[in-house]
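S.K.: Prediction below, plus the sequence it came from.
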Amino acid sequence: MKLALIGDPVAHSMSPRLHARFLREAGIDDGDYVAIRVPRGNAIDVIRRMRLDGYTGANVTYPLKEEALRACDRLTEDAERAQAVNTIYFGGATLGTNTDGIGARTALEALIDDSIALKRIGVIGYGATARAILTELHANDAYAFVWGRDPERVAQVCARFEAEPWPAENLPEIVISTLPPGVRLPDRLRADLNVPDLIVDVNYGARATLAEQLEREVVGGEAMLEAQARASFDFWQLQLVQSAESP
């Protein structure tokens, strides 16, 4: 089982350690998972080359999730809805899916010890990861709210996922920030983020800088990463089983 992560940067990623553990737990002795730095604009060529090189699958991280969409022959419903791919299976066709939303939901439900259904959840950002999370929030009957600097893009994302723009009152009880590390939030938003019971930063480790900026407790993205990684690994295994069972 030959697997990889592509994106830029990838040196900090926990994914190789996580998938090494998943491979051991599955008893796959000949499995391998490596991180490959691929700058923006190169994803399609690299994905095509990976297929020729015999890779079973790949994870895709920032900033390549939208590029990877165009390299796939087929998409799952989750990838189609999010218009972003974070997991690829190289079978009879190059199949793209997205497990970011599943990872976010799994992590949130573990943190609150409850379903996200009917919870008021704010998503900061409207990029590839945000859209995957909004896909899952919509599918699980959460009330979603979106903050972003571009009102037109916020409106487009809200219309697509039946969400609402960031409210002036009755603020979300849970917030997930999908912004890159180091992005400075405006004063009004920083004030609003004193209110939620729980804030999660999709970044983790040294890249999780939101807590310092807000001067409050923020949960890093480690649990979210592990949950989406597990979902990716399960997806690859399922595809391999289905391929072996096909006549």
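M.R.: Nice, I can see it.

S.K.: how about the strands in the chain?
M.R.: With DSSP state E as the criterion, the chain has strands at 2-7, 32-37, 57-60, 74-75, 87-90, 94-97, 120-124, 143-147, 164-165, 174-177, 198-201.

S.K.: Counting by contacts, list what the first one packs against.
M.R.: Other elements packing on strand 2-7 under the criterion 3 or more C-beta pairs under 8 Å, 6 or more residues apart in numbering; DSSP states H and E are helix 15-25, strand 32-37, helix 43-52, strand 57-60. C-beta: built from backbone N, CA, C; applies to glycine.

S.K.: and the first one, how far out from the chain's middle?
M.R.: Same thing as helix 15-25. 18 Å (C-alpha atoms, centre = their mean, to the nearest Å).

S.K.: Around residue 74, count how many other residues there are.
M.R.: When neighbours are defined as other C-beta atoms under 10 Å, residue 74 has 14 of them.

S.K.: same deal with residue 62?
M.R.: By other C-beta under 10 Å, 18 other residues sit near residue 62.

S.K.: likewise residue 243?
M.R.: 11.

S.K.: For residue 28, see how far away it is.
M.R.: Noted for residue 243: a distance of 15 Å to residue 28, by C-beta to C-beta, to the nearest Å.

S.K.: Same check on residue 20?
M.R.: Distance, residue 20 to residue 28, by C-beta to C-beta: 10 Å.

S.K.: And residue 215, by the same measure?
M.R.: 45 Å.

S.K.: So which of those two has more stuff around it?
M.R.: residue 28 (14 against 9).

S.K.: Would you mind confirming that the more buried one is in contact with residue 1?
M.R.: Yes. Checked against C-beta atoms under 8 Å, the pair residue 28 and residue 1 is within contact range at 5.2 Å.
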